[in-house]
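Student: Pasting the sequence and the predicted model now:
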Amino acid sequence: MIHSAGAYFVSNNEFFPLNRIDQCIEDKNDIIYEVIRFIEGKPLFLKDHLNRFLHTFHFNQEDIKKHRSPLIENIRLLIEKNNIAEGNIRFQFNNNDTHSFCAWIIPHRYPSVDQYKKGVGLKSYYAERQEPRIKARDIKLRDGADQIIKEQEVYEVILINSEDQITEGSRSNIFFIKNNLFITPPLSLVLPGITRQKIIQLLKDNDFKFEERPVQVNEINSFDSCFISGTSPKILPVALFDKVPMQVKHPLLFKLISLYDQQIELNLANFRWD
């Protein structure tokens, strides 16, 4: 069953009423997809999402140019036809020779004001993505993560690999702060999240101490603070990782949140449909 919202979806450049979505869209492994957030009818960091999505298929520059314009137009019309100002859009190509395209608005779960203020809970989960650098559907991992989130009443699960290394969340990336140093697992172990990229650039531009390195699960007790990042949560403080408390009101974390919110405002203010 496809989880969806709004009134219309798009499949191969044609728009259909939502009641036909299960007939037109496949939900299986090996589907390459992307999720973008739109605010005030404007997609956030659209260029970055499209670049990551299209480069996954190893398209040459000519193919990227050919696919980019229809993708942008489909996203624009999807927002317009559904008449929804804010939410998330999922779009995907089937990972086969047809590269059939579809896009639809999905139900979103943004953190509450209280969760940003007090932080959220995380639970570790021993699981690995087959190819962490590609945003591909993994039904077994997704179902396992969702079950833990429900049973443990936590906001997110954090994946631990066979070497006891913390990698990423099921829908997010993770960062730690220790002695005013920001630490995150290396790109080789995680999906290159767009929010993650923006955060790392902000850290560099504002002269924060920063390090990408493998993080062992037994290090959790040594960190001062922790947060997750992603399209829906943006930058979300963590109050509890397993049973380890984290400092939610860390001054550097709150400064970073402010800088990221400013970047969102700037991106939306400068956005124009190509």
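Tutor: Received the coordinates, thanks.
Student: Spatially nearest residue to residue 203 (excluding sequence neighbours)?
Tutor: residue 210 (4.3 Å; CB to CB, 6 or more residues apart in numbering). All C-beta spots, glycine's among them, are computed from the backbone N, C-alpha and C.
Student: Could you give the bridge partners of the nearest residue to residue 215 once chain neighbours are set aside?
Tutor: Excluding the flanking residues, the one nearest residue 215 by CB to CB, 6+ apart is residue 166, at 4.5 Å. Following DSSP bridges, residue 166 is listed with bridge partners residue 160, residue 215.
Student: Count the neighbours of residue 166 for me.
Tutor: When neighbours are defined as other CB atoms under 10 Å, residue 166 has 24 of them.
Student: got it, and residue 274?
Tutor: 9.
Student: And residue 14, by the same measure?
Tutor: With other CB under 10 Å as criterion, residue 14 counts 10.
Student: what does residue 13 give?
Tutor: 12.
Student: Look up phi and psi at it.
Tutor: phi 70, psi 10 (degrees, to the nearest 10).
Student: Any regions of this protein where pLDDT drops low?
Tutor: The chain contains residues with pLDDT under 70 at 1, 26-30, 58-59, 94-99, 132-137.
Student: how about the helices of it, start to end?
Tutor: With helices called from DSSP state H, the chain shows them at 21-24, 46-55, 61-82, 113-118, 139-152, 194-205, 251-270.
Student: now the ones you listed in a markdown table, with mean neighbour count?
Tutor: Output for these, formatted as a markdown table (neighbours: other CB atoms under 10 Å):
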| stretch | mean neighbour count |
| --- | --- |
| helix 21-24 | 14 |
| helix 46-55 | 18 |
| helix 61-82 | 15 |
| helix 113-118 | 12 |
| helix 139-152 | 14 |
| helix 194-205 | 18 |
| helix 251-270 | 14 |
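Student: Tabulate those helices (JSON lines), appending distance to residue 178.
Tutor: Conversion of the helices of the chain to JSON lines gives the following (distance: least, CB to CB, whole Å):
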{"stretch": "helix 21-24", "distance to residue 178": "45"}
{"stretch": "helix 46-55", "distance to residue 178": "28"}
{"stretch": "helix 61-82", "distance to residue 178": "39"}
{"stretch": "helix 113-118", "distance to residue 178": "21"}
{"stretch": "helix 139-152", "distance to residue 178": "25"}
{"stretch": "helix 194-205", "distance to residue 178": "14"}
{"stretch": "helix 251-270", "distance to residue 178": "11"}
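Student: if we can go back for a sec, which residues are in contact with the residue nearest to residue 215?
Tutor: 124, 158, 159, 160, 174, 185, 215, 216, 217, 219, 220 (CB atoms under 8 Å, 6 or more residues apart in numbering).
Student: was I right about the last one contacting residue 241?
Tutor: Yes. Between residue 220 and residue 241 there is a contact under CB atoms under 8 Å: 5.5 Å.
Student: Those two: which is more packed in?
Tutor: residue 241 (25 against 19).
Student: residues touching that one, list them.
Tutor: 121, 122, 124, 158, 220, 226.
Student: For it, list each beta-bridge partner.
Tutor: Bridge pairing for residue 241 - DSSP bridges - gives residue 122, residue 244.
Student: quick one: it from residue 15, how far?
Tutor: 43 Å (CB to CB, to the nearest Å).
Student: For ChimeraX, write a command that selects the buried ones of the contacts of residue 166.
Tutor: With 16 or more other CB atoms under 10 Å as the criterion, this ChimeraX line picks the buried residues out of the contacts of residue 166:
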select :124,158,159,160,174,185,215,217,220
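Student: now, which of the contacts of residue 166 sits nearest residue 65?
Tutor: Using CB to CB, residue 185 is the member of the contacts of residue 166 that lies nearest residue 65, at 33.4 Å.
Student: about what we covered before: for the contacts of residue 166, work out which two are farthest apart.
Tutor: Pairwise over the contacts of residue 166, using CB to CB, the maximum falls at 159 and 219, 15.5 Å.
Student: Run a quick neighbour tally on the closest residue to residue 190 other than its chain neighbours.
Tutor: Leaving out its chain neighbours, the residue that sits closest to residue 190 by CB to CB, 6+ apart is residue 168, at 4.2 Å. Residues within reach of residue 168, counting by other CB under 10 Å, total 24.
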